[in-house]
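Q: All I have is the shape, not the residue letters:
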Ligand code: ATP
Ligand code: MG
């Protein structure tokens, strides 16, 4: 991609009407544009990041053999009346009626719909276990939409739903999703901590929230600061007992500040000086709710004795669009965003310092043509000030900048600038690929 073609219209200054750094930076780099209160357009730069996150989530669900489907944004009110959530959900639900006065709603979540869908297919104990997910826009008419896409009304969620024949099996699906979530957040380049949580309007008995610690997050958290990252790399995911033990271990160290959990946390033997009070952003939430919805919607299967039983379920959400803001909130500086390489809109920004110089331009063009075949790269080919070129790539947070300058090309050298540290290294053109592989794993 060339900057001369790309839809790239960053603002010179930070917008004054935004409070959070992520909100300011997303507006300033022209990733999003508000179109109505709490409703946003994703401009090309923002959409690339959103899609990168979606794809990482997709790939890892695939690895866990969890299948994707796509449910509609608009749902019929009928199922919600059966589950008795039509009235419970209150004003957060956007209710619509069509030309025939049929009651519809813009889905805030999908437990009812998916339970109804699988009840027509999962009829025998042999059809279990199953986990399905989709990535779809949700609408919640939040009382106070704020902080840009962090808390908005229309947002993108990945929601998965598990179906099992017993509590024990359903608990295993829950543990599997728990581990999958740790993997996803790690792959996204962020350190999300799992906290035991309240279940809220989704209902159920067992629940964890995944929270990214940031200075201005809305969630208050407590945890044992000596536990940074419980080792899960060496766990055999098929070893059910080990998996269960691991989840319990996590539950012991992290706690939310609801009164119930606070009390539980302080009753544990965490030494006073190790208790950390902090803030964070909820980026994922998982629930076990058992037969709550299958009972209401009469969703049953035949067990191996030919007896009818209700299906056991859980639901597992990730705030995909919120993640874009959350990642920025945990990784930026005064110059702009610092993307983890995995989600960056482009991994490499190539700068031709002197567009007016024929030799520099030819060199840069050749380099770009070669590199674009292999790497995600944006090429600054415009005739604008060098300072401006560097500032834009800093602002939009590209992990690496390759700077092609008049003087260096005579020695076949290129400047490689690391966005995070700001460090500039002079690397020979032939060594660049090795250097990038070694330092950035791409
Ligand atoms: P919150 O406590 O932040 O209001 P929630 O508990 O209502 O969120 P869930 O029903 O657990 O949300 O939804 C799953 C995920 O969707 C959340 O973990 C969050 O990342 C995301 N999410 C929820 N509400 C919003 C919103 N208004 N804007 C953006 N993302 C949201
Ligand atoms: Mg939640």
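A: Ah, there it is. Note that the structure is a prediction, hence the values are computed from the model and not measured. Ligands and ions are numbered 1, 2, ... in the order given.

Q: Now do the same contact list for residue 14.
A: Going by C-beta atoms under 8 Å, 6 or more residues apart in numbering, residue 14 touches 24, 25, 28. Where C-beta positions appear, they are placed from N, C-alpha and C, glycine not excepted.

Q: let's see it at 7 Å
A: Contacts for residue 14 (C-beta atoms under 7 Å, 6 or more residues apart in numbering) come out as 24, 28.

Q: What separation is there between it and residue 25?
A: Between residue 14 and residue 25 the distance, using C-beta to C-beta, to the nearest Å, works out to 8 Å.

Q: Ok, residue 110 next?
A: Counting by C-beta to C-beta, the gap from residue 110 to residue 25 is 31 Å.

Q: go on, residue 238?
A: For residue 238, the distance to residue 25 equals 42 Å [C-beta to C-beta].

Q: buried stuff in stretch 19-38?
A: By 16 or more other C-beta atoms under 10 Å, the buried positions in stretch 19-38 come out as 20-32, 38.

Q: what separates that stretch from the chain centre, distance-wise?
A: 17 Å (C-alpha atoms, centre = their mean, to the nearest Å).

Q: residues in contact with that stretch?
A: Here stretch 19-38 makes contact (C-beta under 7 Å, 6+ apart) with 9-11, 14-15, 18, 40-43, 45-46, 49, 142, 145, 147-150, 152-153, 216, 325, 328-329, 332, 336-337, 395-396.

Q: so how far is the first residue of it from its last?
A: Using C-alpha to C-alpha, to the nearest Å, the end-to-end distance of stretch 19-38 comes out at 15 Å.

Q: Now that stretch: average pLDDT?
A: For stretch 19-38, mean pLDDT rounds to 97.

Q: got it, and stretch 382-398?
A: For stretch 382-398, the mean per-residue pLDDT is 97.

Q: With stretch 222-229 instead?
A: Computed over stretch 222-229, the average pLDDT equals 72.

Q: Pretty sure residue 360 sits against residue 409.
A: Yes - look at residue 360 against residue 409 with C-beta atoms under 7 Å: they come within range, at 6.5 Å.

Q: near ligand 1, which residues of this structure show up?
A: Residues of the chain lying near ligand 1 by C-beta under 6 Å from any ligand atom: 109, 140, 142, 151-152, 155, 157, 200, 202, 282-285, 317, 319, 322.

Q: partner residues bridging the closest residue to ligand 1 within the stretch 201-350 of the chain?
A: Per C-beta to the nearest ligand atom, residue 319 is where the stretch 201-350 of the chain lies closest to ligand 1, at 2.2 Å. For residue 319, the beta-bridge partners are residue 157 (DSSP bridges).

Q: Next, count neighbours for it.
A: 23 (other C-beta atoms under 10 Å).
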